[in-house]
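Chemist: Pasting the sequence and the predicted model now:
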Amino acid sequence: MIIDSSSMHYTEATSLASAVARKLRRGFRFSGLFVVPENERLLLRAVITCGAEVEIISSSLPRDATGERAPSYPAISRLVPSAEWYERALYDRFGVMPEGHPRLISLLRRNDEPTTFSSIGEGVFTIPYGPVRSGVFESVEYLIESTGEDILHLGVGLASKTRSIEERFVGVDVSTGILLAERVEGIASVAHALGFAQAIESICSIRIPRAAELLRTVHAELERVVNHLDVIVRLCEAAGLAVAHARFSLYKEQLMRLRIDMCGNRFGRGVVVPGGIASLPNRSSRELIDCLDEIEDALKQDTDLLMRSPSFIDRLRGSGVLTVEEAETFGLLGPVGRGSSLSQDVRVDRPYAAYAEVGPSSPVLGRAGDALSRTEVRLDEIWSSFSIIRRAIRGLAEVNTSGLDSWQRSLQLLDGEALGWAEAPQGELLVLVALEGGRIAYTRVRSASWHNLQALPRAFKGDVLTDFAFIEASFGLSPAGAAL
C-alpha cells in the first residue's frame, strides 16, 4: 500500500492517543506504532486496520528548542493497552517519551535500574529463566514470579536478542534489503521477504506475473506448515511423548528438504525478490504434489493418534487461556488470536500473491482460547495449507514460464514510501519502507511475534510452573522477530 493522502491522516501529537482510541471504538484494530525521520523532526505513525481497510495516523513530535529534552507525547497506551510495548520499545530505541505511560521500564536494552516486581508478599520469590536455556531455543529472558507452584506474573526481557536490524537497512540498495528482510525472523523468512518486496513493488507501481504470485504462495504455505509442525514438536517434547516427537520432527524435516529441492534453501530464502521470484522450482508439478500427498497422508494418521492421547490433550486443555475480550483488547494475531475466536487473517482480509485465487475463504477459528485451541487451529491450518499449495501448483502448471517476463518484472525505482504486509505463520506482519535516490531511506518492521509476545504474561493466570513449556510453545513466537 503506497503511503499517500488517501491512507494518511495527520493529527497533533497531543491528540494522537484519542484519535487512535476513536478508531478502535469503531471496530478498527491497533496494528503498529513506528517512528520515522522527516528532515530534522520525527514522525509517529500509528497503523490501524479493519478487514481490508488500512489507515495510518501520523503526528509530528515537538522538539525542545534547546535540545535538552527528548521528544514527548501523551502516551497512547493510556487509552490503548496494546500500545504499551510499542511505546516502551520506541523509548528504548529513540528516546521518545510517552508521558503517562503505565509501566515505562526498559524492554530492549539493559540498564542499571533495579528490577521491578509485579507481585509482593510472603512466600513470593522469583525464578530467572534464560536467556540461555537447554535445548534448541532462541535466547529470551523470563522472570517468573511464583509462590512455589502458581505463576503469579511473568516478566519478559529482550535485551539479549536485540540486533538493531532496522538500522542495517539504512542506505543499502534493494537487493541487499531483501537479504536483510529474510533474516529479520529466520523461521518466517518468506513472509518477511514478501512484506518487504510488496512494499517496494507498491512504490514502483508494478504488478508481478501470475507465475510469481503462485510460487510465492507455495513457498509461504510451506513455511506455514513447517512452523506449525515445529510447535507440535515442541509440545510433544514438553509432554514427554518421545515417539510423537520423533514422528512430527521427521515430517518437518521432510518438508524442509522439499524446500531445498525446490529452491536450494531450507528456509526458502533467495526465492522472493522485488519484482517477482528469482527462480522456478527444480521439481515438476507432479513430483511436488506426489511428495506432498505422501507426507500429508502419514501426517494425518499420526495426528489422529496424537489428538486421542490423554497425556497430551490433558496438558493443553485449560492451559494458558486468553479470553475473547483479551484477544480483542490486544488485537492478537495469527493462531494465538484465532484460537480465541478473533477472525483476522491477512490472506483473507487483504489478499496478496495468489491468495485471492487459491487462498482460504475464511479463517480457521478456535473457541476456548487455551493451548489446546491454539493447537487445533494450527492443525486445521496445516490441512488448509496443503490444499492451497496443491491449487497453486496446479495453477503454476498451466502458466507459460518459458521466458524471463513470465516470472519477474524489472524495477524502475522511484522515491516514495509504502506499507507491505503478509500473513506469517505467527500472524500478520507489517513492513514500512521508504526509498530515496534508489536506496532505502528507512525500513520499519512489525512482526506478529512482537505484537503477540506482550500477551504471553497474561496467559499464565491460574497456571503452574509445569505448564510453562506448553503455554510458551503454543504461542509459536520467535524472540528474534520480536527483538529487532
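Modeler: Nice, thanks for sending it over.

Chemist: okay, now the domains of the protein?
Modeler: Per automatic domain parsing, the domain ranges recorded for the chain read 8-99, 125-161, 165-448.

Chemist: pLDDT averaged over the first one, what's the number?
Modeler: Domain 8-99 carries an average pLDDT of 87.

Chemist: Can you point out the buried residues in whichever helix or strand residue 55 is part of?
Modeler: Secondary structure assignment for residue 55, by DSSP states H and E: strand 53-60. Neighbour-count burial for strand 53-60, counted by 16 or more other Cβ atoms under 10 Å, picks out 54, 55, 56, 57, 58, 59, 60. Bear in mind the C-beta positions are built from the backbone N, C-alpha and C, glycine included.

Chemist: And for stretch 172-179?
Modeler: Within stretch 172-179, the residues that qualify as buried by neighbour count (16+ other Cβ under 10 Å) are 174, 177, 178.

Chemist: Now do stretch 385-402: everything it contacts.
Modeler: By Cβ atoms under 8 Å, 6 or more residues apart in numbering, the residues outside stretch 385-402 that reach it are 210-211, 214-215, 217-218, 221-222, 224-225, 228, 280, 285, 288-289, 292, 296, 354-355, 357-360, 406-407.

Chemist: Not counting its own residues, what contacts stretch 375-382?
Modeler: Outside stretch 375-382, the residues that touch it by Cβ under 8 Å, 6+ apart are 224-225, 228-229, 231-232, 235, 299, 303, 307, 316, 335, 338-339, 364-366, 474, 476.

Chemist: which among those end up buried?
Modeler: Listed as buried from the contacts of stretch 375-382 are 224-225, 228-229, 231-232, 235, 299, 303, 316, 335, 338-339, 364-366, 474, 476; burial here means 16+ other Cβ under 10 Å.

Chemist: Show the buried residues in the contacts of stretch 385-402.
Modeler: When neighbours are counted using 16+ other Cβ under 10 Å, these contain these buried positions: 210-211, 214-215, 217-218, 221-222, 224-225, 228, 280, 285, 288-289, 292, 296, 354-355, 358-360, 407.

Chemist: and after the longest helix anywhere in the chain, which helix or strand comes next?
Modeler: Of all segments of type helix in the chain, defined using DSSP state H, the longest is helix 210-238. Per DSSP H and E, the first helix or strand lying C-terminal to helix 210-238 is helix 242-263.

Chemist: Centre of the chain to that following helix, how far?
Modeler: Taking Cα atoms, centre = their mean, to the nearest Å, the mean C-alpha location of helix 242-263 is offset from the chain mean by 22 Å.

Chemist: when you give positions from now on, start the count at 35
Modeler: Shifting the count to begin at 35 puts that one at helix 276-297.

Chemist: buried stuff in that helix?
Modeler: 278-279, 281-286, 288-290, 292-293, 296-297.

Chemist: Need the contact partners of it.
Modeler: 252-253, 256, 259-260, 263-264, 266-267, 270-271, 299-305, 313, 315-317, 322, 325-326, 329, 332-333, 336, 339-340, 343, 346.

Chemist: 6 Å instead?
Modeler: Contacts with helix 276-297, where a contact means Cβ atoms under 6 Å, 6 or more residues apart in numbering, come from 256, 260, 263, 266-267, 270-271, 300, 302, 305, 315-317, 325, 329, 333, 336, 340.

Chemist: Show me where the stretch 335-484 of the chain has its helices.
Modeler: Defined through DSSP state H, counting those that start in this stretch, the helices belonging to the stretch 335-484 of the chain, from first to last, are 344-350, 358-364, 368-372, 380-383, 389-392, 405-431, 482-487.

Chemist: and those helices, which is most packed in?
Modeler: For the helices of the stretch 335-484 of the chain, the stretch with the most neighbours on average is helix 368-372, a mean of 31; neighbours defined as mean count of other Cβ atoms under 10 Å.

Chemist: Show me what it is packed against.
Modeler: Using 3 or more Cβ pairs under 6 Å, 6 or more residues apart in numbering; DSSP states H and E as the contact criterion, the elements in contact with helix 368-372 are helix 405-431.

Chemist: ok and the helix it packs on relative to helix 276-297, angle-wise?
Modeler: Counting by axes from the mean of the first three to the mean of the last three Cα atoms, to 10 degrees, helix 405-431 points 30 degrees away from the direction of helix 276-297.

Chemist: roughly how far out does helix 405-431 sit from the chain middle?
Modeler: What separates the centre of helix 405-431 from the centre of its chain is 18 Å, taken as Cα atoms, centre = their mean.

Chemist: Residue 450: which of the helices of the stretch 335-484 of the chain is closest?
Modeler: In this view, the helices of the stretch 335-484 of the chain are compared for proximity to residue 450 by Cβ to Cβ, and helix 380-383 is the closest at 22.0 Å.

Chemist: quick check, distance from the closest one to the centre of its chain.
Modeler: Computed by Cα atoms, centre = their mean, the separation of helix 380-383 from the middle of its chain amounts to 14 Å.

Chemist: Contacts for that helix, please.
Modeler: Residues contacting helix 380-383 (Cβ under 6 Å, 6+ apart): 85, 86, 389, 393, 397, 455, 457, 462.

Chemist: ok, of the residues you listed, which one's closest to residue 37?
Modeler: residue 455 (13.0 Å).

Chemist: check contacts around the closest one.
Modeler: Residue 455 makes contacts with 229, 380, 464, as judged by Cβ under 6 Å, 6+ apart.

Chemist: how does it look with 7 Å?
Modeler: Shown here is residue 455, whose contacts under the criterion Cβ atoms under 7 Å, 6 or more residues apart in numbering are 229, 380, 384, 462, 463, 464.

Chemist: Please apply the same query to residue 44.
Modeler: Residue 44 makes contact with residue 92, according to Cβ under 7 Å, 6+ apart.

Chemist: Quickly note the distance from it to residue 378.
Modeler: In this structure, residue 44 and residue 378 are separated by 27 Å, where distance is defined by Cβ to Cβ, to the nearest Å.

Chemist: Adding distance to residue 128, write the contacts of helix 380-383 out as TSV.
Modeler: Output for those, formatted as TSV (distance: Cβ to Cβ, whole Å):
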residue	distance to residue 128
85	31
86	31
389	35
393	37
397	35
455	23
457	29
462	24
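
Chemist: and which of the residues you listed is nearest residue 73?
Modeler: Distance from residue 73 was checked for each of the contacts of helix 380-383 by Cβ to Cβ. The minimum falls on residue 455, at 27.3 Å.

Chemist: Please name the bridge partners of that closest one.
Modeler: When assigned by DSSP bridges, residue 455 has beta-bridge partners residue 464.

Chemist: Helices along the stretch 35-184 of the chain, start to end?
Modeler: Per DSSP H, counting those that start in this stretch, the stretch 35-184 of the chain carries helices over the ranges 50-59, 118-128.

Chemist: out of those helices, nearest to residue 66?
Modeler: Distances from residue 66 to each of the helices of the stretch 35-184 of the chain were compared by Cβ to Cβ, and the smallest falls on helix 118-128, at 7.0 Å.
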